[in-house]
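Colleague: coordinates only, no sequence provided:
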């Protein structure tokens, strides 16, 4: 669904070594197709988790920022996929500046982008500890193309406009609010935030 390009590492004046890897390819399309041959298969016998009756299923709907939704989520990190549930709230979408990345070696394509920072809250409503870095939103432009977050590797300090997730597991009953940096090509117009926890189900959408 996406390609990854690693940037070169250079020393920073503040003794911060950083590398940026790019996950930039548009995964969506105008006809709504986004799955590819590399998508993982759903579990043959998923573990059922009771739904949270206080948050109705909103898959496929477009919600305002700040609205909480509960969605199915499949964790593929173990030997067997585990189906669970996740509470998701897109809290804020912030438009950044490419100068925010002045301490990174961007390539020519990356320099012709506009950063967006998506702040979201996630709640583990199941019984499995989840990997925080695998829980992330994406954004779509007005043509329906999808853009996924870039991965920042900062060996010292942090990326102030959009701090990286903690390495701690998201345990059952816990929640956290994290930021995802996404680069949108110049000339493309931001439309909405997308979250897909289970590739066999309709994604969730939020629009400012």
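Modeller: Looks like it arrived, so ask away. Keep in mind that what you see is a predicted model, and the values were worked out from it rather than measured. Residues are numbered from 1 along each chain as shown.

Colleague: point out where this structure drops to low pLDDT.
Modeller: 1-60 (pLDDT under 70).

Colleague: apply 80 and report the result again.
Modeller: Applying pLDDT under 80 to the chain picks out residues 1-61, 153-156.

Colleague: which residue ranges of it form strands?
Modeller: 4-6, 18-23, 62-64, 68-75, 82-95, 113-124, 138-141, 146-147, 151-154, 175-185, 190-195, 204-207 (DSSP state E).

Colleague: partners of the last one, with directions?
Modeller: Each strand pairing with strand 204-207, determined using DSSP bridges, is listed with its direction: strand 62-64 (parallel), strand 190-195 (antiparallel).

Colleague: pull out the buried residues from the first one.
Modeller: It refers to strand 62-64. The neighbour-count check on strand 62-64 (16 or more other C-beta atoms under 10 Å) flags residue 63 as buried. The way it works is simple: take the backbone N, C-alpha and C, and place the C-beta from them, glycine included.

Colleague: can you give the contact residues for that strand?
Modeller: With contacts defined as C-beta atoms under 8 Å, 6 or more residues apart in numbering, strand 62-64 is touched by 69, 90, 192, 204, 205, 206, 207, 208.

Colleague: make it 10 Å
Modeller: Strand 62-64 is contacted from outside by 69, 88-90, 191-194, 204-208, using C-beta atoms under 10 Å, 6 or more residues apart in numbering.

Colleague: nearest to residue 179 among the residues you listed?
Modeller: Taking C-beta to C-beta as the measure, residue 179 lies nearest residue 90 of the contacts of strand 62-64, at 11.4 Å.
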